[in-house]
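**Q** Requesting a structural model of the entry that follows:
(2 chains)
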Amino acid sequence: MSGVQNNDPSKMKGMLTDVTKCIGCERCVEACVRKNKLPRDFLAHFTGKDGLSGNRFTSIVKTPGPVKGKPRSVRRHCMHCLEPACAAACLVGAFTKSADGAVVYDDSKCIGCRYCMLACAFSIPRYQYDKPLPYIRKCRMDERCRVKGGLTACTSACPTGATIFGPREELIKEARRRIAAEPGKYIDHIFGETEFGGTSGLYISDVPIDDVIKMPSKDKFKKWRVSRLETESIPSMIEPWVWVTPAQFVAVSAGLAGVWAIKRRNKLMNPPPDESDEHATEDNSKGGNHDA
Amino acid sequence: MHNRSALTWLKDGLWALFLAGMVVGVGRFVFGLGAATNMMDLLPWGFWKVFNMVAGAALATSGFVVAAIIYIFQLDKFRPVARFSILVGFLGYGTSLMALLFDIGLPHRGWHPFFMWNPHSFLFEVFWCVSIYWSITAFELLPIITERFPFPKVTHFIHEIMLPFVILGVTLSTMHHSSLGSLFMLSPTRLYPLWYSLWIPPEFFISAMGAGLSVITLLMMGISKLYKRKRNMGVLTALVKGSAAFLALYLIIKVADFTVNEKWNFVFGPDITWETYLFWVEISLQAIIPIVVFVTPVLRNSKWGLLAGTLSAAAGIIMHRLNTGIVGYFRTAETIYIPNISELLLSFGILAGAGLLFLLLVERFYVFDEPEEHADGHGSDATIWTREEALAVFAGPRAKRMLLIALVVIPLSIGLLRDQATGPFKPISQPIANSVIGVDVMRTTLRIDGNRNGEYVDFTHDKHQLALMKDQSLKKEETCQECHHLNLPQDNNTNCRSCHADLDLDTGMFKPENHKGRFESAAAFEQFMELDLTDGQKNLEACQNCHKDNMRGLTTYADKGFSHMAPGFKDAMHGSCQTCHRQRETDPTNPVSDGNCLFCHKTENFPAMEVARQ
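**A** Numbering: from 1, shown residues only, chains lettered A, B, ... in the order given. The predicted structure follows:
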């Protein structure tokens, strides 16, 4: 994929969020706002219920109703997909998957078409609708938001360790360990391990959170007839169509030239009288002075 | 002669729309996209992109279809609509690109895709194809301009080298029309399955061709009416027959798509949602009605039948594109988008501008290859504009009318722009706690105005602090509950029953029947019994009527410096206390880390909240 260097996924870093540990204090949000020097306005007109906006890269969402007795707090941030759809979508290649796992947006290339926003399955990229010349804004997870120790500002701010940062493979191991350590506590599934080709943002939870993080459940994948996305990425799913285009260019133009040649030949071989007859009966055809 | 009055009215209307659109366009660049549109993060592609670009391109398909028919398939029968169709293509794509200039965030970077490549992006392909194709339509139309100037060789030369350009143009069109559909292939989990498919590219391509031929017929009929020209029914019926063929092909592909991808349950049930009904309206307008009209000779040959069929096809294709690009996303976005008036004004303003250009070309140049036009009043003049006509633009009744339109339209459309793009939530810079002036150097008493609305409390911080530090067994008036009603964690309005579980027990002391005598009257008791007390707030009010003394957090304490009802415990701690305590935490000289969340939320298994339960 363009925008996705063939990096070694084992070197990529990610963030694991354990929903059972989150107390919803929003200190990750505050750390993000401070580190990235974001404005305090909420841009309320333009955001959904999840609170992400051009001024907020991460947010805490409460699960809609009390599930298993009490609502949960779920942190939202960019999933940093291994094969990001935004990178496949962007027509100027402003999105790249960097070697350490972050999906990085390049301000200087963006033309503001917002196709990445449409393409992202998680609705992560947000827009500065309040600016005359707006940019896309989303969770960065690169050097710009690292604090001492190499952690991201948000994960280092978490008081309960509900969200942690580290190499993706180790996070998956840790998630497995937690699930195995307390059988029955967690749903036996690591959200983001394989869906959409795998994401660097990982979640474990004791209640269903697929609606909150916009990661469809197995049932929804099946119902919407896109079960292959449980293990496959969007870019790889549409890849064949990308290669249709150049083939189409060659085939259609050759075909059209061929048709023209045959028609031309027929016209020259067959008598002009026919043609002029036809034209005479056609009341308004032939402007007369400008035909090829 | 022309139907002057209808035409003048039409032109005035177009000018008004165009002006309004341009005012909105300027507003968009001054105040941002948010001020001019209703677009939002979860539905980022609004009316400008989906209607003007995606649907607009589909409506303007005629340019390439007719070019292919005439130049490549060499069916001379269609020559009368050649220039007209290509002109519609040129103007249609022009409006699309124009709308994009306003829609994309940074239009001054419109050249970026030429140099910064991402060949994997469908939008990249659309961009290249559309920009090249648009240039080609301009080139194909060049003879219309050049033939009016005394350079016959130029015109002749253009005709000589036309063929490769036509082939390139048609090829690019087949590519970008399918790619316009492919754009939506990247949202498999967001776009409703009725519209999402891996078969979108051929569906978009075929349906666009069908609609394009209908649209050109519709426009031909409109122009004939407007300029009182004779309708060339032979060509028109041939066009709609072609249209019907493409639309039937589209229907077949759609059926095959639903069969192969097993999606019939969304069309016929059991998964019937509002999208299903919308889809039925769409497919009827887009394909079923037009096909029926166009294959029935009686309907096809009548003016009204033709009008109904072509209108239905045009409306249907617009609806299909809007559904695919906007409405199909509503379910997963959990919100809806309706373009606001200023957004629509720009959309249709651009179309109005194209309409004006179109009428200008029709009136001043040979858009129809029809010989009798040469003898008619316009067109045969040596000059394109006479001196009088040019002067009339600046003076005379027409200029006055234009001034009037401008005076009405410009303020109106400025007024339609939203003034506050950032919404009602403005940050508050004023601090929540101010010491009481004159008394308080040591911050013993805090005047807390948590909502910054002038409703405050004088909080004796030192007393509470000392009580808390000395002794865990607080006196009644020192506990937090004394003022702040306890809500359950993450609940702003906890029902009394949540804690007082014996409230509804027959044996409980709370059983209302036992206190019947305390009510003012039997009627008041009946009224009380009818209250639905599952709502926290109503519940509190009802309980408060009798248990005033035990629920002091709800009452006002004017004498103690309270000016309003105290907030719930959680809001008080998070909204007010935290503000200072968090600052203290960052202070290295502070020995106690009492700003950390865990200071209160001690256990890992939130929300147990032992502290609050004490």
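**Q** Count the residues that sit near the closest residue to chain B within chain A.
**A** Nearest residue of chain A to chain B, counting by C-beta to the nearest C-beta: residue A:112, 2.1 Å away. Backbone N, C-alpha and C define where each C-beta goes, glycine included. For residue A:112, the count of nearby residues is 20 (other C-beta atoms under 10 Å in any protein chain shown).
**Q** do the same with the one 10 residues further on
**A** Residue A:122 has 23 neighbours, counted by other C-beta under 10 Å.
**Q** Kindly provide the distance from it to residue B:262.
**A** Per C-beta to C-beta, to the nearest Å, residue A:122 is found 26 Å from residue B:262.
**Q** Which residues lie in contact with the residue nearest to the spatial centre of chain A in this structure?
**A** Against the mean C-alpha coordinate of chain A, by C-alpha atoms, centre = their mean, the closest residue is residue A:120 at 2.6 Å. The contact partners of residue A:120, by C-beta atoms under 8 Å, 6 or more residues apart in numbering or on different chains, come to A:85-86.
**Q** go again using 6 Å as the cut-off
**A** By C-beta atoms under 6 Å, 6 or more residues apart in numbering or on different chains, the contact list for residue A:120 reads residue A:86.
**Q** ok, residue B:264 touching residue B:258?
**A** Yes: in terms of C-beta atoms under 6 Å, residue B:264 counts as a neighbour of residue B:258; the distance is 5.4 Å.
**Q** Have a look at those two and say which one is more surrounded.
**A** Neighbours per residue (other C-beta under 10 Å) separate residue B:264 from residue B:258, with residue B:258 holding more: 19 against 12.
**Q** for the chain, what spans make up the strands?
**A** Here I'm looking at chain A. A:13-18, A:59-62, A:73-76, A:95-97, A:103-105, A:126-127, A:136-137, A:163-167, A:201-204 (DSSP state E).
**Q** ah, I was thinking of chain B
**A** B:433-435, B:445-448, B:457-460.
**Q** Next, format those strands as a markdown table and append distance to residue B:51, mean neighbour count and mean pLDDT.
**A** A markdown table is the format used below for the strands of chain B (distance: least, C-beta to C-beta, whole Å; neighbours: other C-beta atoms under 10 Å in any protein chain shown; pLDDT from 0 to 100):
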| stretch | distance to residue B:51 | mean neighbour count | mean pLDDT |
| --- | --- | --- | --- |
| strand B:433-435 | 52 | 15 | 56 |
| strand B:445-448 | 52 | 20 | 72 |
| strand B:457-460 | 54 | 19 | 73 |
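**Q** okay, the ones you listed in JSON lines with distance to residue A:172 next?
**A** Below are those laid out as JSON lines (distance: least, C-beta to C-beta, whole Å):
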{"stretch": "strand B:433-435", "distance to residue A:172": "46"}
{"stretch": "strand B:445-448", "distance to residue A:172": "47"}
{"stretch": "strand B:457-460", "distance to residue A:172": "49"}
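**Q** Which positions in the stretch 1-150 of chain A make contact with chain B?
**A** Within the stretch 1-150 of chain A, the positions near chain B by C-beta under 6 Å from any C-beta of the partner chain are A:1-2, A:23, A:25, A:40-48, A:71, A:85, A:88-93, A:109, A:111-115, A:117-119, A:121, A:123, A:126, A:129-134.
**Q** Against residue A:149, how distant is residue B:88?
**A** Taking C-beta to C-beta, one finds residue B:88 at 63 Å from residue A:149.
**Q** So for those two, which sits in the more crowded spot?
**A** Under the criterion of other C-beta under 10 Å, the comparison of residue B:88 against residue A:149 puts residue B:88 first, with 26 against 8.
**Q** Contact partners for the more buried one?
**A** B:60, B:62.
**Q** any idea how far residue B:60 is from it?
**A** Relative to residue B:60, and taking C-beta to C-beta, residue B:88 is found at 6 Å.
**Q** for residue B:27, same thing?
**A** Residue B:27 sits 27 Å away from residue B:60, going by C-beta to C-beta.
**Q** What sits closest to the residue of chain B found nearest chain A if chain neighbours are left out?
**A** Among the residues of chain B, residue B:105 lies closest to chain A, at 2.1 Å counting by C-beta to the nearest C-beta. Spatial nearest neighbour of residue B:105, chain neighbours left out: residue A:112 (2.1 Å); criterion: C-beta to C-beta, 6 or more residues apart in numbering or on different chains.
**Q** Could you tell me the phi and psi values at that neighbour?
**A** With angles defined as degrees, to the nearest 10, residue A:112 sits at phi 90, psi 30.
**Q** ok, now which ones touch it?
**A** Residues counted as contacts of residue A:112 (C-beta under 6 Å, 6+ apart) are B:104-106.
**Q** where does the stretch 201-350 of chain B have low pLDDT?
**A** For the stretch 201-350 of chain B, applying pLDDT under 70 flags no range at all.
**Q** Up against chain A, what does it have?
**A** B:232, B:261.
**Q** Can you verify my assumption that residue B:136 contacts residue B:169?
**A** Yes: with contact defined as C-beta under 6 Å, residue B:136 counts as touching residue B:169 (4.0 Å).
**Q** which non-adjacent residue is nearest residue B:361?
**A** Nearest non-adjacent residue to residue B:361 (C-beta to C-beta, 6+ apart): residue B:367, at 5.6 Å.
**Q** what number of residues lie near the one you found?
**A** 22.
**Q** and residue A:160, backbone torsions?
**A** phi -110, psi 0.
**Q** burial measure for the closest residue to it other than its chain neighbours, as a count.
**A** Once flanking residues are discounted, residue A:160 sits nearest to residue A:21: 4.9 Å by C-beta to C-beta, 6+ apart. Neighbour count of residue A:21, defined by other C-beta under 10 Å: 19.
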